[in-house]
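1. dropping a prediction and its sequence here:
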Number of protein chains: 2
Amino acid sequence: MSEVRVLAERAREAAIALASTSSDQRDRALLIMSHALVANQDEVLAANEKDLAEARAKGTAAALLDRLELNPVRIKAISEALKSLSILPDPIGEVLTGSRLANGIWLQQIRVPMGVVAIIYEARPNVTADAAGLCVKTGNAVILRGGTLAVNSNLAITKVLSNAAVSAGLPEGSIQSIASTDREAAEELMGLHGMIDVLIPRGGAGLIRSVVENAKVPVIETGVGNCHVYVHEAADPNMAKRIVINAKVSRPGVCNAAETLLIDEAVYETVLPPILRALEEAGVTIYADDKTRALGAVMRVNPATEEDWATEYLDLKIACKVVAGLDEAIRHINTYGTKHSEAIVTEDYTAAVRFLNEVDAAAVYVNASTRFTDGGEFGLGAEIGISTQKLHARGPMGLAALTTTKFVAMGSGQIRE
Amino acid sequence: MSEVRVLAERAREAAIALASTSSDQRDRALLIMSHALVANQDEVLAANEKDLAEARAKGTAAALLDRLELNPVRIKAISEALKSLSILPDPIGEVLTGSRLANGIWLQQIRVPMGVVAIIYEARPNVTADAAGLCVKTGNAVILRGGTLAVNSNLAITKVLSNAAVSAGLPEGSIQSIASTDREAAEELMGLHGMIDVLIPRGGAGLIRSVVENAKVPVIETGVGNCHVYVHEAADPNMAKRIVINAKVSRPGVCNAAETLLIDEAVYETVLPPILRALEEAGVTIYADDKTRALGAVMRVNPATEEDWATEYLDLKIACKVVAGLDEAIRHINTYGTKHSEAIVTEDYTAAVRFLNEVDAAAVYVNASTRFTDGGEFGLGAEIGISTQKLHARGPMGLAALTTTKFVAMGSGQIRE
């Protein structure tokens, strides 16, 4: 049997046992895992050093090396995150609806673990601990498949956390990582219909697309954000500038950063130049339509192509387009956006309400930065990712996104007429 | 552009407009649709007669012809079903959570339509009207792809309902059927990632499997039910018999009918014979393990193979197996079941609770027939199908299963630090 199938069968066994664990048991396991990570950090750091050496030998870029690197401070932070999960309320067992049916059956719909959760992600070893912790919290068995660059770090973290979980009384097979780094292993995982209850890809657009194309198991798409800030003709110009700069510049590499600025034709000649200057001062390269370029407001304005409207730069770059008004703005966003986070800046009530209703996205904003789309900001406690699909979960996903429901019916001999 | 893509683009346009319709508008459209179906029944019946003639010429089985056939009584029933949807509460617009964030942003999570729903189904023309009605109720645009046998009936019903919806003020493209009956059209539909928000297959195991294998859009799997009744050693023997007979015989062709009977070794010699005799009297063929066959309780007991444990007969057939006890029963169900509906008959408290916790299924029963898994029985008002997956919806799906959520954030200039 292949490695992936062996892991999946173990995970299914574990999932059955996990379904009967109590919150107390799982929270205790999280505390022991948190402690074990620090206690065994030499082992983890040695494995990470091996990954780093191999990555350096391959000439990996400095930014990626930084994401790959662990050190005692980072391990402490990961350990603290596990501990903080233990104090969140447990979603499992919540009774969502319940009633006594006319025939006397006592029917309840209760929240239960998904079962087996698979996560495919890129080279950040902290995701390994993070995902394992979220799955332990919600009573799910997890199969992790991290990036090749971090494979030694991931296996070392998995070993420490899995041993800790077992010592806390959770079943073997609750936390597992796939050791094999070949493409076939990932594809096999995506094809295990009936064994994997949900597969969550965490990473760039290429990874997400590959999972959507190949998976035969249920998937939650996450994280690709081609977000817009639309400056309506009735916008407060200073607020517009502040929001555009924040949405683009405060953290350009994340999915809730703005990638395109839209502005109404009625006001662009006066409102746009200060925004463009502020973007330029912040080091942002601008890709713009002809009207914007003709303004001559700043030095570096490149011509935008059709491709720019659809691009998630994840960088200090922004596309800029003058639109006729609200209708064109909504149409542009619904055409090119990725249904993540979209903002309008306006003082006009009707425009605001139409934008909220008609823009199709996980989060829609009036007079606030798109950067707020985040589990922490939204008060969800923990975040598994940001769903950009509509099935099951949409927007920042809290613990409940890792659960499903079960109808529990207690009768006294009822049969159906 | 292909027919399917043209329909999908029209549906996306319609979905945007539908998102801004009010409950009143959609309920009025349902009433007009209900009325139009009866007013235009000659047209629909003529199309149905064409389907029936072609089906008869192909030598189609009588049961299938019966499912295909429409007549004024059946059209009246379909029309009444549309009318009854109009009086159900509207799930759209429900505020699920809401708060004022610490930074002053007013955040609400509201229920909104999915957008574009696609439904692939087999030869029952009533599903066409049913699905169209459910989607109008929930503000979704729908693309229908029915079975080849019913194509003329489906197109005629779609035309009547779509015209009625448009006359009630809903956008063109709200209700559409694919005219092309080739396999490629269905496969193209399954591949329209980013254009179809959810695809629901309604039909037999083969159809569901084909959709799961081929779809690149989010899917809700429905309806395959390899359900078990487990007679525990502490069962009331008469109740056990009544529940087994009801679960198998009351409607053997539906997904919540029982397909396998499990019984504890400790009691099978006395409890099983009357059950087997009652099954035989009801015309049920039994496929059983050696222990059951050795009882010689009835005439027609065939040897069960491994395949029988995994088969959804949808017929007057049942598999029967003697198990060592609760552990083996749970393991058997979790191995061979399709996570649909599972029942234990017992007077033992601990066995009942363990069964409810450890059996992994959409609906789990103590001392009641599996036949109750149904939107109507569970009080959901309307049913789109019975989900056997864990993502998004599980078990009987009401109107809410055709919706998603949206975070709506109203600020006053907030930016993220």
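-> Happy to help now that I have it. Since the structure is predicted, the reported quantities are computational estimates derived from the model, not experimental observations. Residues are numbered from 1 along each chain as shown, chains lettered A, B, ... in the order given.
2. could you pull out the strands for the stretch 201-350 of chain A?
-> Secondary structure of the stretch 201-350 of chain A, counting by DSSP state E, counting those that start in this stretch: strands at A:227-231, A:258-264, A:285-288, A:301-303, A:317-323, A:341-345.
3. with only the CA atoms kept, save the strand ranked longest in chain A in CSV.
-> Longest strand in chain A by number of residues (criterion: DSSP state E): strand A:403-414. Only the C-alpha atoms of strand A:403-414 are listed here, as CSV (Å, rounded to 0.1, in the frame of the first residue of the first chain):
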residue,chain,number,x,y,z
THR,A,403,-16.8,20.9,11.7
THR,A,404,-19.9,19.4,10.2
THR,A,405,-23.3,18.4,11.6
LYS,A,406,-25.1,15.2,12.4
PHE,A,407,-28.8,14.6,12.9
VAL,A,408,-29.3,12.5,16.1
ALA,A,409,-32.7,10.9,16.4
MET,A,410,-33.8,9.2,19.6
GLY,A,411,-37.0,7.2,19.2
SER,A,412,-39.1,4.7,21.0
GLY,A,413,-40.0,2.3,18.1
GLN,A,414,-41.3,4.8,15.5
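4. and it, is it in reach of chain B?
-> Yes - using Cβ under 8 Å from any Cβ of the partner chain, strand A:403-414 reaches chain B at A:404-414. For the C-beta atoms, the positions are set from N, CA and C on the backbone; glycine is no exception.
5. can I have the buried ones of the residues you listed as a PyMOL selection?
-> Applying 16 or more other Cβ atoms under 10 Å in any protein chain shown to those leaves a buried subset, and the PyMOL line that selects it is:
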select buried, chain A and resi 404+405+406+407+408+409+410+411+413+414
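6. what residues does the stretch 101-250 of chain A put near chain B?
-> Taking Cβ under 8 Å from any Cβ as the test, the list of the stretch 101-250 of chain A residues beside chain B reads A:101, A:105, A:107, A:109, A:114-115, A:193, A:197-198, A:212-213, A:216, A:218-220, A:236, A:239, A:242-243, A:245-247, A:250.
7. cutoff 7 Å now
-> When proximity is defined as Cβ under 7 Å from any Cβ of the partner chain, the stretch 101-250 of chain A approaches chain B at A:105, A:107, A:114-115, A:193, A:197-198, A:212-213, A:216, A:218, A:239, A:242-243, A:246, A:250.
8. the spatially closest residue to residue A:177 that is not a sequence neighbour: what's it in contact with?
-> Excluding its sequence neighbours, the residue lying closest to residue A:177 (Cβ to Cβ, 6 or more residues apart in numbering or on different chains) is residue A:158, at 3.9 Å. Residue A:158 makes contacts with A:128, A:144, A:175-177, as judged by Cβ atoms under 7 Å, 6 or more residues apart in numbering or on different chains.
9. again, 10 Å this time
-> Shown in contact with residue A:158 (Cβ atoms under 10 Å, 6 or more residues apart in numbering or on different chains): A:128-129, A:132, A:142, A:144, A:146, A:175-179.
10. so what are the sheet partners of the longest strand of chain A and their directions?
-> strand A:106-113 (antiparallel), strand B:363-368 (parallel) (DSSP bridges).
11. re the thing from before, wait, which of the residues of strand A:403-414 next to chain B is closest to chain B?
-> The closest of the residues of strand A:403-414 next to chain B to chain B turns out to be residue A:411 (Cβ to the nearest Cβ; 2.9 Å).
12. thought the closest one was touching residue B:366?
-> Yes - look at residue A:411 against residue B:366 with Cβ atoms under 10 Å: they come within range, at 6.3 Å.
13. now do the shared contacts for the two.
-> The contact sets of residue A:411 and residue B:366 overlap at A:105-106, B:343, B:345 (Cβ under 10 Å, 6+ apart).
14. thinking again about what came up before, now the contacts of residue A:158: which count as buried?
-> Buried by 16+ other Cβ under 10 Å: A:128-129, A:132, A:142, A:144, A:146, A:175-178, out of these.
15. farthest-separated two in the residues you listed?
-> Farthest-apart pair in the buried ones among the contacts of residue A:158 is A:129 and A:178; separation 16.1 Å (Cβ to Cβ).
16. the closest residue to chain B within the stretch 251-400 of chain A - nearest residue in space that isn't next to it in sequence?
-> Going by Cβ to the nearest Cβ, chain B is nearest to residue A:368 of the stretch 251-400 of chain A, at 2.9 Å. In space, residue A:368 comes closest to residue B:411 once its chain neighbours are excluded; the distance is 2.9 Å by Cβ to Cβ, 6+ apart.
17. flag the shaky bits of the stretch 251-400 of chain A, pLDDT-wise.
-> Counting by pLDDT under 70, not a single residue of the stretch 251-400 of chain A qualifies.
18. for it, which segments count as helices?
-> A:268-281, A:290-295, A:306-309, A:326-336, A:349-358 (DSSP state H, counting those that start in this stretch).
19. now those helices in CSV, with distance to chain B and mean neighbour count?
-> Shown next, in CSV, are these (distance: least, Cβ to the nearest Cβ, whole Å; neighbours: other Cβ atoms under 10 Å in any protein chain shown):
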stretch, distance to chain B, mean neighbour count
helix A:268-281, 13, 18
helix A:290-295, 23, 16
helix A:306-309, 15, 15
helix A:326-336, 6, 18
helix A:349-358, 5, 17
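20. could you dump these to TSV with distance to residue B:162?
-> Formatted as TSV, the helices of the stretch 251-400 of chain A follow (distance: least, Cβ to Cβ, whole Å):
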stretch	distance to residue B:162
helix A:268-281	41
helix A:290-295	40
helix A:306-309	32
helix A:326-336	23
helix A:349-358	22
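21. for residue A:83, find the nearest of those helices.
-> The nearest among the helices of the stretch 251-400 of chain A, by Cβ to Cβ, is helix A:349-358 at 38.2 Å.
22. which strands and helices sit next to that closest one?
-> helix A:326-336, strand A:341-345, strand A:363-368, helix B:3-18, strand B:106-113, strand B:403-414 (3 or more Cβ pairs under 10 Å, 6 or more residues apart in numbering or on different chains; DSSP states H and E).
23. ok, and what's touching it?
-> Contacts of helix A:349-358 (Cβ under 10 Å, 6+ apart): A:230, A:232-235, A:264, A:325-327, A:329-331, A:333-334, A:342-346, A:348, A:364-367, B:16-17, B:19-20, B:93, B:108, B:110, B:112, B:406, B:408-410.
24. quick one, that helix and strand A:363-368 angle?
-> Relative orientation of helix A:349-358 versus strand A:363-368 (axes from the mean of the first three to the mean of the last three Cα atoms, to 10 degrees): 160 degrees.
25. domain assignment for chain A?
-> According to automatic domain parsing, chain A comprises the domains A:3-221+A:389-410, A:227-372.
26. need those domains in JSON lines with distance to residue A:378, can you?
-> Below are the domains of chain A laid out as JSON lines (distance: least, Cβ to Cβ, whole Å):
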{"stretch": "domain A:3-221+A:389-410", "distance to residue A:378": "5"}
{"stretch": "domain A:227-372", "distance to residue A:378": "8"}
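27. give me the residue from the stretch 201-350 of chain A nearest chain B.
-> Nearest residue of the stretch 201-350 of chain A to chain B (Cβ to the nearest Cβ) works out as residue A:246 at 3.6 Å.
28. circling back to that earlier point, residue B:51: which of the helices of the stretch 251-400 of chain A is closest?
-> Here helix A:326-336 is closest among the helices of the stretch 251-400 of chain A (Cβ to Cβ), at 37.8 Å.
29. one step back: among the buried ones among the contacts of residue A:158, which are in helices?
-> Under the assignment DSSP state H, the buried ones among the contacts of residue A:158 contribute A:128-129, A:132 to helices.
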